[in-house]
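**Student:** prediction below, plus the sequence it came from.
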Amino acid sequence: MIDWKKAEQTVLECIDVPQELLPESYRGKRSHRNLRSVQKEYDRRNKQKQVDPNDISVKFENGEIREGTPERLERLEKYTNDVANDREICYNVNEDKLYRNMQAMASAMELDVEEKE
């Protein structure tokens with residue numbers, strides 16, 4: 001049986017694209033690039049990122065909620081209930097995201113960060 005996916009990749013590897021036909025950002029150090037590497041670069045750049053529904057803002061218009069994800073609307077309702085009932089707001093914290101952001105900040109500040117085990 002013919003593996004069509006592998007056959008397609010082999011054909012793409014056989015086609016060389018001169019640098020001058022490629023956009024500047026796709027050019028490498030050599031005088032050409034095979035079509036498979038161009039396709040891989042394109043796919044890498046256009047890969048859809050997973051978006052956390054909690055990262056999408058809730059939009060308001062004239063004090064009324066216009067749009068938002070169910071996750072964000074649920075969180076907003078919990079916060080509203082906490083405030084209305086004079087309770088301390090119980091924030092929903094994404095520990096992984098918080099850790100990544102702290103590491104990025106430390107890296108940007110060029111701090112020496114040691115991992116605790």
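**Tutor:** Yep, it's here. Numbers count the residues shown, from 1 in each chain.

**Student:** flag the shaky bits of the chain, pLDDT-wise.
**Tutor:** Per-residue confidence for the chain (pLDDT under 70) gives these ranges: 48-49, 112-117.

**Student:** go again using 90 as the cut-off
**Tutor:** 1-5, 9, 17, 19-33, 39-77, 80, 90-117 (pLDDT under 90).

**Student:** domains of it?
**Tutor:** Domain assignment of the chain by automatic domain parsing yields the ranges 9-46, 53-108.

**Student:** I'd like those domains as a markdown table, with mean neighbour count appended.
**Tutor:** Where you see a C-beta, it was placed from the backbone N, CA and C, and this is true even at glycine. Listed next are the domains of the chain as a markdown table, based on neighbours: other C-beta atoms under 10 Å:
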| stretch | mean neighbour count |
| --- | --- |
| domain 9-46 | 12 |
| domain 53-108 | 11 |
